[in-house]
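1. below are the sequence and a predicted model for it; my questions follow.
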Amino acid sequence: MAKKQPTLPGTTPDAIKELDNATAEYLAARNERMRLLKIEVEKKAALVGQMHDFEPKLEQNIDGDPVYHYRDGDESFVVVLAAAESLKVKRDDEVPGDIG
């Protein structure tokens, strides 16, 4: 087996096109996810604030948490603001009967 020649200081090893492409695609996807996560966190905080604002008008589940039913076309969702400021949004068909 031939010895691999060490990289000299100040030089970089040869680029591997396939790895460069895969790395660039991964970084683009990661950066997009991070950008979207920031937006999601902001939107979630706004929704929690709105849930508090309209809490007197909302029904409650058996735990006393405010519940809002949301419809988007053919899908329906249940938004629950849990006591620990945790927000849960699930499709109606995924929610046990005691939620709302």
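-> It's in.
2. can you map out the strands along this protein?
-> For the chain, strands defined by DSSP state E occupy the ranges 59-60, 66-72, 75-81, 87-91.
3. adding mean neighbour count, write the ones you listed out as TSV.
-> C-betas here are computed from N, CA, C, even on glycine. Below are the strands of the chain laid out as TSV (neighbours: other Cβ atoms under 10 Å):
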stretch	mean neighbour count
strand 59-60	12
strand 66-72	14
strand 75-81	17
strand 87-91	13
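4. residue closest to the middle of the protein?
-> Geometric centre of the chain, nearest residue: residue 37, 5.6 Å, by Cα atoms, centre = their mean.
5. residues in contact with residue 65?
-> Applying Cβ atoms under 8 Å, 6 or more residues apart in numbering to residue 65 gives the contacts 80-83.
6. over to residue 39?
-> So residue 39 contacts nothing (Cβ under 8 Å, 6+ apart).
7. tell me how far it lies from residue 31.
-> Distance, residue 39 to residue 31, by Cβ to Cβ, to the nearest Å: 13 Å.
8. what of residue 46?
-> 23 Å.
9. please apply the same query to residue 58.
-> With Cβ to Cβ as the criterion, residue 58 and residue 31 are 37 Å apart.
10. which of those two has more neighbours?
-> Between residue 58 and residue 31, counted using other Cβ atoms under 10 Å, residue 58 has the larger neighbour count: 17 against 10.
11. mind checking pLDDT for that one?
-> Here the pLDDT value assigned to residue 58 is 96.
12. would you enumerate the residues in contact with the closest residue to it other than its chain neighbours?
-> Closest residue to residue 58 apart from its sequence neighbours, by Cβ to Cβ, 6 or more residues apart in numbering: residue 66 at 4.2 Å. By Cβ under 8 Å, 6+ apart, the residues touching residue 66 are 51, 55, 58-60, 80-81.
13. bridging across strands, which residues link to residue 81?
-> residue 87 (DSSP bridges).
14. okay but it is in contact with residue 87, surely?
-> Yes. The criterion here is Cβ atoms under 8 Å, and residue 81 meets it with residue 87 at 5.9 Å.
15. and for the two, which residues touch both?
-> 48, 51.
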